[in-house]
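**Q** Everything below, folded, please.
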Amino acid sequence: MFRGTTILGVKIASGAALGGDGQVTFGDTVVKHGARKIRSLRDGDVLAGFAGSTADAMTLFSKFEGKLEEHGGNIVKGAVELAREWRSDKVLRHLEALLAVVSREHCLIISGKGDVVEPDDGIVSIGSGGPYALAAARAFIDSGRVDAAGIVQGALEIASQICIYTNDRITVESI
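**A** Residues are numbered from 1 along each chain as shown. Okay, the predicted model is just below:
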């Protein structure tokens, strides 16, 4: 598990959203409060967020965007090809990050071990506060909340109150 961040994505009938906190830590020291850990790709049709090393994540964002272009915007095919290359390439396999990717059709977690996971419930979470944000998002959805961005915002706020590696400087993008 990567400590130091929380990324949460939600895909429901009314839309999709991805958000993250802004805290950056080195060990046990907070060095930045307002980092932006999510990116909009393909003219806003795909959102991606990361947990782990920032430099590694920027490399992976670039690689993933290239795979999306190569496969005509097919998010699943792009994710599988990224995971395959990430796992097999001698340099890439040492990158330490996880990606959470959201579109209107899919929510995926992509890892360097070759994993491309699409949760059954349309919710992806990564990072140290991920389990807290996931639980809160499920509770919001079960209670009837239908605004994806509002669910992500509220769940990340709850995670920031529990996880010491997550702060309340939250960025949310929606599709």
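**Q** just checking, what packs against the lowest-mean-pLDDT helix or strand in the chain?
**A** Between all helices and strands in the chain, the lowest mean by mean pLDDT, DSSP states H and E belongs to strand 24-26, at a mean of 84. Packing partners of strand 24-26 (3 or more CB pairs under 8 Å, 6 or more residues apart in numbering; DSSP states H and E): strand 29-32. The way it works is simple: take the backbone N, C-alpha and C, and place the C-beta from them, glycine included.
**Q** So what are the sheet partners of the strand it packs on and their directions?
**A** As defined by DSSP bridges, the strand partners of strand 29-32 come to strand 24-26 (antiparallel).
**Q** And the contacts of the strand it pairs with?
**A** Contacting residues not belonging to strand 24-26 are listed as Arg3, Gly4, Thr5, Val30, Val31, Lys32, His33, Ala35, Thr54, Tyr165 [CB atoms under 8 Å, 6 or more residues apart in numbering].
**Q** Whichever of the residues you listed end up buried, select them in PyMOL.
**A** A single PyMOL command selects the buried members of the contacts of strand 24-26 (16 or more other CB atoms under 10 Å):
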select buried, resi 3+4+5+35+165
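**Q** so how far is the least confident helix or strand of the chain from its chain's centroid?
**A** For strand 24-26, the separation from the chain centroid amounts to 17 Å (computed by CA atoms, centre = their mean, to the nearest Å).
**Q** per-residue pLDDT, the residue nearest the centre of the chain?
**A** The chain has Ala100 as the residue nearest its centroid, 3.0 Å off, counting by CA atoms, centre = their mean. In this model, Ala100 is scored at 97, pLDDT.
**Q** go on, Phe2?
**A** 53.
**Q** can you list the weak-confidence ranges in this structure?
**A** Applying pLDDT under 70 to the chain flags the ranges 1-3.
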